[in-house]
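Trainee: give me a 3D structure for the following:
(2 chains)
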Amino acid sequence: MTVAITPAAGAPAPTPTVSWGHRHLIDLDVVTWPEIELIMRTTEEMKGILARPIRKVPALNGRRVTTLFYEASTRTRVSFETAARNLSADVVSVATATSSVTKGESLVDTIRTLEALGAEILVMRHAVSGAPYLAAEVFGGHVLNGGDGWHAHPTQALLDLFTMRENLPGGDLRGRKVAIVGDILHSRVARSNIWSLTAAGADLWLCGPATLLRGMDRWAAAWSDGTLPGHGRFHVTSDIGAALRDADVIMGLRIQRERMQSGLLPSLREYAARYQLNAERVSLAKPEAIVMHPGPMNEGVEIAPDVAVSGRSVITDQVSNGVAVRMALLYLLAGAHEAAHDGHTGPEAGRVETVRVETGR
Amino acid sequence: MSGPGAGGAGSAETGRQSSLGISVGDTVERFELDRAWLVDPVTGREGPGQIVVGDGILESVEWLSGAEAEGVTERGVVVAPGFFDIHAHFREPGFEDAETIATGCAAAAHGGYTTVALMPNTQPAVDDPGVLARVRLAVSASASPVEVQAYGAVSAGRAGEQLSAMGELADAGVVGYSDDGAPVRTGRLLRSALLYAGMLGLPVVDHAEDLELTAGAEAHEGYVASVMGLAGWPVAAEVNAVSRDLAVLADALADEPRARLHLTHVSTAAALDLVRRARGRGLPVTCDVTPHHLAFTDEWIAGARRWSWEALDADGRVRDPWVDGAIVAGPYATALRVNPPLSDPADAAACLAALLDGTADAVATDHAPHTVVDKEVEFGKASNGISGIETALGVLLVLVDAGRLPLARAVAALTTGPAAVMAASTATHGAAVSRPRGLVEGSPADLVVFDRSDRWLVSPESLLSKGKNSPLLGRELPGRVLVTIAAGRLAYADLETGDS
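Mentor: Model (predicted):
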């Protein structure tokens, strides 16, 4: 199928080869747009694999992926583990509730132990912002962030971006209005999306009650002069109408009950009355706008059940694309590892093509 | 012995040779330094001069002029009175893994300090004379010539409920009271403490923090914390606590005119403004700022490592480390987790302004050594504190080198300033004996000699403190300390040759 790679006459020149140079993926702040494009292309390849009757390829055969989740998670963990298995990696799953973490073992000791047990790629979820950087300092392999505190959830932002491109005409975010609505303050999804969506050229709006937007105005103000290379300005507002009007993409975020106990919200009822993504509010957006949610959803709180399952909803696409994005990242990180060992800096895009050839189509 | 004098290195060597042959703790029998830059913050005089120490006594201080003074500049070898740190944690008893009195004193002397006042948040806390006696035993066992003063806790067990054994502690020689590590919990207790301590002629030292506002907080609330997903530590937390303290002090004075309040490690422009105005009204309040709040800012948590004044552009606007490539280190370094948190460049500039206009009387290190176990953890779980007693001078000299702080003011903030803060205790409380903070002939030699033309590398090896939790590891600082003499005895000597 190598023929398929050759651009047709008159087609735009192929994107220049970008090599994947990151040993870890912890946040998108250090990932350039060409690298994001590489991830998107690789994800497409992986999605092709997922479309086949047998979803398994040998790309990571014998490689050891360990998932270390310090926070409860179903979909993200299963998504990573499915992705790793699809690539034929050996998967070790550490749940902190049943590990020696409950005996007071430090993160650093846990990481060293897992490395001694053979972990090569560590997928990590942690409640404290920045924890994966500490892991990366002591771990000899690759760290792939599965979400840390309020800070970052890069695979979620990448699968969001992939899903948006897939569903928007032309597959281009430039000038497209994206509204993220909900608990922005505590959201690692929102923070990672700020990096990727401003890089993609989207017209990004963050919306929620003022108590859940704390600090975000300062960020928006710092970027308001548009001086950050590769990133644009974004908007922060409590006005749900302004955020949703003529939007191309609407993304809801989970509202947690703890927010009432900590005095940030009067009640879920009041939140729903003012900010719930219901049919009426969604109608403010463009008719072809899509509705997204990183899950898990509180239907009836931040999103109305009928909106969640409406024709506009791409929430299940997000879930399936999540597996493809995570396959792509595991693949790219493992390739970087190989290159580092070989002393080569060979184009990882080429390696992806190898996957395609091996599996045939 | 006469150094060549043209550069610091020659004179420095003079000092080194003089110190050879004796060890730490010994009385300095003979130490002569010709042609150095002397700074005497008591008289306000500075300039070329020479000193002679004999049998531990500062025998002569001679100011040079004319041809004799030629080539001696303030950029070479400097002699100043020994420094006084009014806020340090030496962790003993209870946390000897992090620091002991002996290692703390060695670190202090390396930093040029000859007197330290230790915070009482040990385990157990210094809340009765028995615990103070343990501290004193450790001091004698250390055989260090560094003078160790101690604060007593404000509240029993630092629990914020009842007063500690304040009178007995005063009798046993504490120099003040603090629940540092935490604020005096309630305004009601603070009022009692100010009255009782005032009656005893001692100050109350408060760590100003509104704990409700900082619950769960991880970093100064601002752009950096927002981007990094760190829970914001609002400026209001310090402002609120400082205003409570000042209001309670004003009320307490009606009952006890000797009530005195010292606010330590004030870190924000708004809180410093409150102190400035309170002093303007004549309230007996003093305050200190730390080297780290002067020189570091919250962008260091993102991985920037430029000094606070370099983080502002020509128009005084805060630079964006993500825009201008200032991020050179990994993010979330726990050595930067400190209470109060590193603030933004405007607050750092306000700390400097307060030091320059006298709103801040002193620089205090808040030397807070921690073990790897307490620091090699997730940022949000790391213990607060910076190991800073050895780097304070270097950080202040960076400010001096940058032309932002006169050398004489830096020295005063490390000597006469802290002594003035503690003056009430020395004036009215016989047990606390303070050393002369000037270069006084005929008194026991108490001085530091440092070479501004030489630099030293901050590293786990070069730090004598057990606490290696310094954000400056791997970095060179100006002002290598050559000799520290405390009460006539050798406290520290750098015997290396000056070629490094």
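
Trainee: toward the C-terminus from the worst-scoring helix or strand of chain B on mean pLDDT, list the very next helix or strand.
Mentor: Every helix and strand of chain B was ranked by mean pLDDT, DSSP states H and E. The lowest is helix B:8-19, at a mean of 40. Using DSSP states H and E, the helix or strand that follows helix B:8-19 towards the C-terminus is strand B:30-40.

Trainee: how about that following strand: buried residues?
Mentor: Neighbour counts over strand B:30-40 (16 or more other Cβ atoms under 10 Å in any protein chain shown) mark B:31-40 as buried. Heads up, the C-betas are built off the backbone N, CA and C, glycines and all.

Trainee: mind listing the strands it pairs with, and their directions?
Mentor: strand B:45-54 (antiparallel), strand B:77-81 (parallel) (DSSP bridges).

Trainee: so what's residue A:326 up against?
Mentor: The neighbours of residue A:326, taking Cβ atoms under 8 Å, 6 or more residues apart in numbering or on different chains as the test, are A:79-80, A:82-84, A:144, A:155, A:159.

Trainee: among the residues you listed, which are located in helices?
Mentor: If you go by DSSP state H, the contacts of residue A:326 have A:79-80, A:82-84, A:155, A:159 in helices.

Trainee: now those in TSV, with neighbour count, distance to chain B and pLDDT?
Mentor: Putting these into TSV (neighbours: other Cβ atoms under 10 Å in any protein chain shown; distance: Cβ to the nearest Cβ, whole Å; pLDDT from 0 to 100) gives the following:
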residue	neighbour count	distance to chain B	pLDDT
A:79	25	21	97
A:80	29	20	98
A:82	17	27	97
A:83	27	24	98
A:84	28	25	97
A:155	27	16	98
A:159	27	19	98
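
Trainee: which two from the residues you listed end up farthest apart in space?
Mentor: Using Cβ to Cβ, the pair of the ones in helices among the contacts of residue A:326 lying farthest apart is A:84 and A:159, separated by 15.6 Å.

Trainee: from the buried residues of strand B:30-40, which is closest to chain A?
Mentor: residue B:39 (41.5 Å; Cβ to the nearest Cβ).

Trainee: separation between that closest one and residue B:84?
Mentor: Using Cβ to Cβ, to the nearest Å, we find residue B:39 at a distance of 14 Å from residue B:84.

Trainee: in the lengthiest helix in chain B, what's buried?
Mentor: For chain B, the helix with the greatest residue count under DSSP H is helix B:236-255. Using 16+ other Cβ under 10 Å as the test for burial, helix B:236-255 gives B:236-246, B:248-250, B:252-253.

Trainee: just give me the closest of those residues to chain A.
Mentor: residue B:236 (12.7 Å).

Trainee: domain parsing for chain A?
Mentor: A:20-153+A:318-359, A:169-314 (automatic domain parsing).

Trainee: would you single out the least confident of those domains?
Mentor: Lowest mean pLDDT within the domains of chain A: domain A:20-153+A:318-359, at a mean of 86.

Trainee: quick one: the strands in chain A?
Mentor: A:64-69, A:90-95, A:121-126, A:142-148, A:177-181, A:203-207, A:235-237, A:249-252, A:290-292 (DSSP state E).

Trainee: which of those is buried the deepest?
Mentor: When the strands of chain A are scored by mean count of other Cβ atoms under 10 Å in any protein chain shown, the highest mean neighbour count falls to strand A:249-252 (a mean of 28).

Trainee: paired strands for it, with orientation please.
Mentor: Paired with strand A:249-252 in the same sheet, following DSSP bridges, are strand A:177-181 (parallel), strand A:290-292 (parallel).

Trainee: turn those into a markdown table, columns for distance to residue B:121.
Mentor: Listed next are these as a markdown table, based on distance: least, Cβ to Cβ, whole Å:
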| stretch | distance to residue B:121 |
| --- | --- |
| strand A:177-181 | 44 |
| strand A:290-292 | 49 |
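
Trainee: now whichever residue of the stretch 251-400 of chain B sits closest to chain A: closest residue in space that isn't a chain neighbour?
Mentor: The nearest approach of the stretch 251-400 of chain B to chain A comes at residue B:332, 3.2 Å away (Cβ to the nearest Cβ). Of all residues not flanking residue B:332 in the chain, residue A:130 sits nearest, at 3.2 Å (Cβ to Cβ, 6 or more residues apart in numbering or on different chains).

Trainee: got the residues of the stretch 201-350 of chain A near chain B?
Mentor: A:214-216, A:218-219, A:221-222, A:227-229 (Cβ under 8 Å from any Cβ of the partner chain).

Trainee: neighbours of residue 118, how many?
Mentor: Since no chain was named, I'll use chain A. Using other Cβ atoms under 10 Å in any protein chain shown, residue A:118 has 11 other residues around it.

Trainee: wait, I meant chain B there
Mentor: Residues near residue B:118, counting by other Cβ under 10 Å: 26.

Trainee: how close does it sit to residue B:366?
Mentor: Counting by Cβ to Cβ, the separation of residue B:118 from residue B:366 is 12 Å.

Trainee: what do the two both touch?
Mentor: Counting by Cβ under 8 Å, 6+ apart, the contacts common to residue B:118 and residue B:366 are B:88-89.

Trainee: contacts only, for residue B:439.
Mentor: Taking Cβ under 8 Å, 6+ apart as the criterion, residue B:439 is in contact with B:38, B:40, B:42, B:51, B:58, B:61, B:79, B:81, B:447.

Trainee: quick check on it: phi, psi?
Mentor: Taking degrees, to the nearest 10, you get phi -90, psi 90 for the backbone angles of residue B:439.

Trainee: contact residues of the stretch 51-200 of chain A facing chain B?
Mentor: A:106-108, A:126, A:128-131, A:133-134, A:137, A:148-152, A:188, A:191.

Trainee: any of the residues you listed buried? List them.
Mentor: Buried, going by 16+ other Cβ under 10 Å: A:106-108, A:126, A:128-131, A:133-134, A:148-152, A:188, A:191, out of these.

Trainee: list of residues touching the strand or helix carrying residue B:102?
Mentor: According to DSSP H and E, residue B:102 maps onto helix B:101-110. Outside helix B:101-110, the residues that touch it by Cβ under 8 Å, 6+ apart are B:24, B:85, B:88, B:90-92, B:99, B:114, B:116, B:118, B:135, B:138-139, B:141-142, B:144-146, B:148, B:367, B:369, B:387, B:389-390, B:463-466, B:481, B:484, B:486, B:491-492.

Trainee: hmm, which of these are the buried ones?
Mentor: By neighbour count, with 16+ other Cβ under 10 Å, the contacts of helix B:101-110 hold B:24, B:85, B:88, B:90-92, B:99, B:114, B:116, B:118, B:135, B:138-139, B:142, B:144-146, B:148, B:367, B:369, B:387, B:389-390, B:463-466, B:481, B:484, B:486, B:491-492 as buried.

Trainee: quick check, residue B:180 in contact with residue B:122.
Mentor: No: judged on Cβ atoms under 8 Å, residue B:180 makes no contact with residue B:122 at a distance of 11.1 Å.

Trainee: end-to-end on stretch A:21-31?
Mentor: Terminal residues of stretch A:21-31 lie 10 Å apart, using Cα to Cα, to the nearest Å.

Trainee: try stretch B:386-397
Mentor: One end of stretch B:386-397 to the other measures 18 Å (Cα to Cα).

Trainee: surely residue B:455 is in contact with residue B:472?
Mentor: No: applying Cβ under 8 Å, one finds residue B:455 not in contact with residue B:472, separated by 12.0 Å.

Trainee: the residue in the stretch 201-350 of chain A that chain B sits nearest to - how many residues pack around it?
Mentor: Nearest residue of the stretch 201-350 of chain A to chain B, counting by Cβ to the nearest Cβ: residue A:215, 3.7 Å away. Per other Cβ under 10 Å, the neighbour tally for residue A:215 reads 22.

Trainee: grab the nearest non-local neighbour of it.
Mentor: Once flanking residues are discounted, residue A:215 sits nearest to residue B:226: 3.7 Å by Cβ to Cβ, 6+ apart.

Trainee: many thanks, we can stop here.
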